[in-house]
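>>> From the sequence below, what's the structure:
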Amino acid sequence: MRLESLPSLHRPSGLYLLLAAVLWLACLPGGGTPPTVTSVRVVAEPTRIAPDGTARLVAVVDGTGSFDPGVSWTLERGLGELSSLEGSEVTYKAPPAVGEPEVVIRATSRVDPTQSATVALTVSAGTVSRVMISATPTTLAPEKSMLLVAFVAGQELEERRVTWRLLEGPGRLSQSLDGSATYLVEATATGVAVVEATSRADPSHSGTLTLTNSPPATDLIHTVLETPRCVVERGRAQCQGQPAAYGLPVRARISSTHEVVRVLARIPGTDRQTPLTFDFDKGVFTGTLDLRSLSQGHPPLEVEVTDSRGNTLVTPSTFVIDHPPELEVLEPTGWSTVLSAFPRIRATCRDQEGACTLSVGHEQMPGTILVTGGETIDTTVDLSPFVGKNIQLTLQAKDSLGQQRSRSFSVFVSDNPSLELVARVPGLIAQVDATRILYTTARAPTDRATGLVLRDRASGLDSQLPVPQGTSVSGAQLIPTGVVFGTVTATESVYPRLYAYQQGVLVSFADRVHEWKIRGDHVLWSTPYPEVNLMLRQLSTQSTVRVAQAAGRFGMSLTETGFVAFADEGYDIHTYQDGVTRRLTNEPNEVVLNSSPLTDGTLVVYRKYRPNKTQWLALHAGDQELSLTQPYATSGPEFDFALHAGWVAYTNLGNTGQAQVWLRNPGGDTRQVSDFGTSSNIEALVLGPEGQLAIQNNFHLWVSRAEGPPRDAGVVRGHPMWLDGAWHVIWEDCLFRVR
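Numbering: from 1, shown residues only. The predicted structure is shown next:
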């Protein structure tokens, strides 16, 4: 009933409505500020559906304050049904026949009807080009059955099922839910039968196959072929409906009066044949026909069985060859960071027969297609809802028979204005200096890197480094005259072998390395337990010395001059240079443990523990040990620290127990440089040559350039480094400069 139809006596007066509005505003939080709806967003999955198909619609209402997030739904264009006209999530069902291909649905905020959004769906059965039928077998003995599978070729097909019909001849045809069919012939039937498969998406396209019903050439051998990619569940065959590509698995169950001496599978009219061997576990003869270099199509297949008396039975069949489309992705190149909520996607696909189509989706909403295209995509996609997050993009190519090839990429979506892209590589960056970028060919941190590349920053030219065949890279660093890297193999995947590549020559100098560090012209490494030797090599002279025995397992540090600090197996700290070892601590293990030393050649910073009690940081300068931090419970957070040219940065506990950062200059003056809140969670510290500081705290990067306080550079998950007089970040495949 409308308000105007009420008697005037019962109509609310203007004063009453004004008073109600004032009281409502007065009850709102924030001094009477009403809630505000700023936008409405609608997501559909999928955006392309077949007739009689469904799509899930989700509306998100953005705004300020507390408000009703519900929306009203209207079908603005096209036909179909909505499961509801109210609510944040509804289901759209397409009509059983294609009418208007585009459907537009609007979601309107119930709080503010001026705020709404639309989503467009495409209802299409696609374009059918042909229908092919494979049969196992094509010649049938009385009272036997065969399995038929239809393949519908076409573009943008959401519906690839068929309707089966027996056009002529004896027998019965039964259709399965998965789209396949079974043909059964009676005991007395002979002659030929013709079956037809008609596309449900486009009934004007169909395919036929002629089947022969006749007694076998011999009663002594019985062969039953099993259709590849089909399984029998509860007495019914279930088929994936996929054509063969580069190899055809053939399975035959054979019973014979006499011993079977040979089983051969072949493709008539070609040179392709293979013997089938008996699988004792499965009780079948199996083998795989090589289909490489064969043209796509609908060839015949024969399986010939011969027994010990010379009796032979040939069982004919037919199948479909279709190679998956080729997919080339130009952007993104791999595990990547993008500085835009609208990154560029570039990809192409090719198919040997007919066209292929491309699509881009993401794992956050399976089934959601961000963009589609033909054989080429060069566009941007909207990833604004995922700023500050890692998402997985999937690029998929599909050919006319529905065969697919896809590649997935993990992308971190960043809109950080503090970062400026300096370089991007087709791999993962290992290290950068003033003139070079060293990167592996791995596409993701979890990938096995089999290649190592050196890029000249000035020219952009890449040089492939000689990684030994059969190995993968396990760490790599730049040296002034080349590169040092480690490799592992399938049999030795824990402890790498170290190589130096200098002036075009590759030299292996250490085997089974536990931990290693490089500074300038020197390499320091420890060997695995139980020996735990600490070794030092000068690359320019190719000389190697043993620094210490039973040392290095609990921490080691190296400078460019070959100065070494290390912890021994008794948890004491030592230094070494030019054959001279000096002991810095000498404390019983039951009292204090010392580990994780870090040195700049003059100072040494290390951790100290009282077993099961407290921990703190100490600084060794000259002949004395100074405590940098107060002791606190060993169950608390780990200290972090950095050391560079007399500058020391370290974490200590703040007033309420949160981690803060202190900076000590070469003169010994110390000051607190951070004032993080109680949620502080410092992940890393990096020092520049003159006390410049980079702090990673809760995924935010804080940087200072001189004596000033650190500033927040936003969300950064890469590794900061001081380069070219400014802070930079190595982030997966990218080098960024911090503005």
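
>>> for Gln115, what are its contacts?
37-40, 61, 108-109 (Cβ atoms under 8 Å, 6 or more residues apart in numbering). C-beta coordinates here come from the backbone N, C-alpha and C atoms, glycine included.

>>> I meant Asn213, not that one.
139-142, 169-171, 185, 189-193.

>>> List only buried entries from those residues.
For the contacts of Asn213, a burial check counting by 16 or more other Cβ atoms under 10 Å picks out 139-141, 169-171, 185, 189, 193.

>>> domain parsing for the protein?
Domain assignment for the chain, taken from automatic domain parsing, gives 3-123, 127-215, 217-323, 326-413, 637-739.

>>> and these as TSV, adding distance to Met535 and mean pLDDT?
Output for the domains of the chain, formatted as TSV (distance: least, Cβ to Cβ, whole Å; pLDDT from 0 to 100):
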stretch	distance to Met535	mean pLDDT
domain 3-123	57	77
domain 127-215	63	87
domain 217-323	49	83
domain 326-413	34	83
domain 637-739	23	86
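
>>> In which helix or strand does the closest residue in space to His719 that isn't next to it in sequence reside?
Distances taken as Cβ to Cβ, 6 or more residues apart in numbering place Ile730 nearest to His719, at 4.8 Å, with adjacent residues excluded. Per DSSP states H and E: Ile730 is located in strand 726-731.

>>> which helices and strands does that strand pack with?
strand 428-432, strand 719-723, strand 734-738 (3 or more Cβ pairs under 8 Å, 6 or more residues apart in numbering; DSSP states H and E).

>>> can you redo those as TSV with mean neighbour count?
As requested, the helices and strands packed on strand 726-731 are exported to TSV (neighbours: other Cβ atoms under 10 Å):
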stretch	mean neighbour count
strand 428-432	21
strand 719-723	19
strand 734-738	21
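
>>> want to throw the ones you listed into TSV with distance to Pro445?
Formatted as TSV, these follow (distance: least, Cβ to Cβ, whole Å):
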stretch	distance to Pro445
strand 428-432	7
strand 719-723	12
strand 734-738	14
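
>>> Quick check: buried residues in stretch 557-567?
Neighbour counts using 16+ other Cβ under 10 Å place 557-559, 562-567 of stretch 557-567 among the buried residues.

>>> Among the residues you listed, name the ones in strands.
Using DSSP state E, the members of those that fall in strands are 557-558, 564-567.

>>> and which of those residues is nearest Leu452?
For these, the minimum distance to Leu452 (Cβ to Cβ) is 22.1 Å, reached by Leu558.

>>> can you tell me which residues contact the closest one?
Applying Cβ under 8 Å, 6+ apart to Leu558 gives the contacts 517-519, 522, 524, 536, 564, 599.

>>> How about Leu693: which residues does it bridge to?
Beta bridges link Leu693 to Leu687, Ser704, judged by DSSP bridges.

>>> Quick check: it touching Leu663?
Yes: under the criterion of Cβ atoms under 8 Å, Leu693 makes contact with Leu663 at 6.4 Å.

>>> Compare the two and say which is more crowded by neighbours.
Ranked by neighbour count (other Cβ atoms under 10 Å), Leu693 and Leu663 place Leu693 first, with 26 against 22.

>>> so where is the stretch 401-550 of the chain shaky, pLDDT-wise?
Scanning the stretch 401-550 of the chain for pLDDT under 70 picks out nothing.

>>> what's the distance between the closest residue in space to Trp722 that isn't next to it in sequence and Val715?
Ranked by Cβ to Cβ, 6+ apart and with sequence neighbours excluded, the top spatial neighbour of Trp722 is Gly688, at 3.9 Å. Between Gly688 and Val715 the computed distance is 21 Å (Cβ to Cβ, to the nearest Å).

>>> Looking at those two, which is more packed in?
More crowded of Gly688 and Val715, by other Cβ under 10 Å: Gly688, with 24 against 18.

>>> List the contacts of that one.
Residues near Gly688 by Cβ under 8 Å, 6+ apart: 644, 694, 722, 727.

>>> tell me the phi and psi of it?
Dihedral angles of Gly688 (phi, psi; degrees, to the nearest 10) stand at phi -90, psi 180.

>>> related to what we said a few turns ago, any chance of the domains of the chain in TSV, plus distance to Glu590?
Formatted as TSV, these follow (distance: least, Cβ to Cβ, whole Å):
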stretch	distance to Glu590
domain 3-123	59
domain 127-215	71
domain 217-323	60
domain 326-413	46
domain 637-739	22
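
>>> Which one of these lies nearest to Gln502?
domain 637-739 (22.6 Å).

>>> Could you check how far that closest one is from the centre of its chain?
30 Å (Cα atoms, centre = their mean, to the nearest Å).

>>> Show me which pair in the buried residues of stretch 557-567 is furthest apart.
The farthest-apart pair in the buried residues of stretch 557-567, when distances are taken by Cβ to Cβ, is Gly562 and Ala567, at 18.3 Å.
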